[in-house]
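# Make a model of this:
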Amino acid sequence: MKIIAILGSPRENGNTELLMKETVRGVRSSGQEVKTFILNRMNIQPCQNCGGCEETGECIIDDDMPEIYLDIRAADRIILASPIFFFGLSAQTKAMIDRCQSFWCGKYLLGRPVPEGIYGRKGLLLLVGAMEKEIGVTCSDATAKAFFRTINVQEHGTLSFLGIDAKGAVKDHSTALNDAFEAGRILTGG
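Presented below is the predicted three-dimensional model:
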């Protein structure tokens, strides 16, 4: 089983990254390996809506996205982790998602969806936000759902924690790290 984790937080060792690390640890406890992408360390240009992918399903921008594209195509499980900023996903996460317009073109214009694979494709969305209003989770999950469905992930779970702001504060939450570990274990059937 091929599993990838995509971290969209700009804050190193922050709450989102701590949650993702626990989720990855849960996956590894099931005997699986995980490839991690840290978007803030990558050169990912925003989508230019140039139409370059409409006839081929391939983005024409030359940056680090091709590595992510390859692993998205091959992945059986995809973990997407983002802080909630202004009721939505981080800019790093959203830029990566927007660049998946090429998958949308492949699926809906060219009739070439990402193959389902022998294990099926499942996703997990991890969210952390300072504000305690659920609208941030609702809006972020809607964007993630569009992303997941575009890349042929028909099922995804969402694990969210609100009211958490200071760096490392997620460690003080009574269940967050354990919940993330269990979510990773369950994602792989462990």
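
# Skip ahead from the helix or strand harbouring Thr158 and say which helix or strand is next.
For Thr158, the host element (DSSP states H and E) is strand 155-162. Sequence order places helix 176-187 as the next helix or strand after strand 155-162, per DSSP H and E.

# helices or strands up against that following helix?
helix 15-29, strand 77-85, strand 122-129, strand 155-162 (3 or more CB pairs under 8 Å, 6 or more residues apart in numbering; DSSP states H and E). To be clear about C-beta, it is placed using only N, CA and C from the backbone, and glycine gets the same treatment.

# mind checking the end-to-end distance for stretch 159-169?
Start-to-end span of stretch 159-169 (CA to CA, to the nearest Å) is 16 Å.

# list the buried ones in it?
By neighbour count with 16 or more other CB atoms under 10 Å, stretch 159-169 contains the buried residues Leu159, Ser160, Phe161, Leu162, Ile164, Ala169.

# any idea how far the closest residue to the last one other than its chain neighbours lies from Leu177?
The spatially closest residue to Ala169, leaving aside those adjacent along the chain, is Asn15, at 6.2 Å (CB to CB, 6 or more residues apart in numbering). Summarising the geometry, the distance separating Asn15 from Leu177, computed by CB to CB, to the nearest Å, is 10 Å.
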